[in-house]
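[1] sequence and predicted model, in that order:
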Amino acid sequence: MNETTSAPQGRPRSESARRAILDAALALAARDGYTAVTIKGIAEAAGVGRQTVYRWWPTRGAVLIEALAEIGAAHVLPEPSGDPRADLRLFLDQTFELAVEVPVANVLLGITADAVSDPGLAAVRRGYISGRRDLLREALERCDRAWAVPVDTMVDLAFGAMWYRLMNEHAPVGPQLTEELMVVVDALAR
């Protein structure tokens, strides 16, 4: 080995093992709920050793937030249709549909609870949430209107309503919430 070549740093990640781990974690969360998911259970379901999971993720929350990030990455802002209001409606509908899919809401709520005592997980969760916020902010900015409140406040209103309903289960998250929020959007346009 010459001086410009360095030794490999650990074993490279196996994409098939990574995929098996993420899929197993989501399947367990869907079947048993977030709180019942363990690294041991994920490893067994994925057919890998616990050390393989721990090599790449420190906690179940970290495994599941990566799995959710991949799901979220597939749900992006629609291409502009020429009707920014219709694009916003479509984005909200897709976001709320994704949020209520099993196990997305359960996992996000569990990760939020775990993040209270895990600063590392809190940072990862914030990264996931900020990506979703950026997409909604962009959808609102496409409307090219003057707003009575800052766009970030409108983002908070939309996602705040979704989270409040998911946490308290007093009202559904879905097309009706989109309709109600579109009324708020219209009311906040100057």
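    On my side now, so go ahead.
[2] can you name the next helix or strand after the helix or strand containing Gly127?
    Mapping Gly127 onto the secondary structure by DSSP states H and E places it in helix 119-142. As assigned by DSSP H and E, the chain's next helix or strand after helix 119-142 is helix 151-168.
[3] what's the model's confidence in that following helix, averaged?
    Taken as a whole, helix 151-168 has an average pLDDT of 95.
[4] tell me which other helices or strands it touches.
    Other helices and strands packing on helix 151-168, by 3 or more CB pairs under 8 Å, 6 or more residues apart in numbering; DSSP states H and E, are helix 84-100, helix 104-115, helix 119-142, helix 175-188. Using the backbone N, CA and C atoms, a C-beta is placed for each residue, glycine as well.
[5] ok, which of those comes nearest Ile42?
    Across the helices and strands packed on helix 151-168, Ile42 has its closest neighbour in helix 104-115 (12.6 Å, CB to CB).
[6] mind listing what's buried along that closest one?
    Of the residues in helix 104-115, 104-112, 114-115 count as buried by neighbour count, 16 or more other CB atoms under 10 Å.
[7] what distance separates that helix from the middle of the whole chain?
    Mean C-alpha position of helix 104-115 versus that of the full chain (CA atoms, centre = their mean, to the nearest Å) differs by 10 Å.
[8] next, the angle from it to helix 119-142.
    Orientation check (axes from the mean of the first three to the mean of the last three CA atoms, to 10 degrees): helix 104-115 against helix 119-142 gives 130 degrees.
[9] closest one of the buried residues of helix 104-115 to Ala27?
    Within the buried residues of helix 104-115, proximity to Ala27 (CB to CB) peaks at Val107, which comes in at 11.7 Å.
[10] I figured that closest one hits Tyr34, correct?
    Yes: shown here, Val107 and Tyr34 form a contact pair, counting by CB atoms under 8 Å, at 5.2 Å.
[11] shared neighbours of these two, anything?
    Between them, Val107 and Tyr34 share the neighbouring residues Leu64, with contact defined by CB atoms under 8 Å, 6 or more residues apart in numbering.
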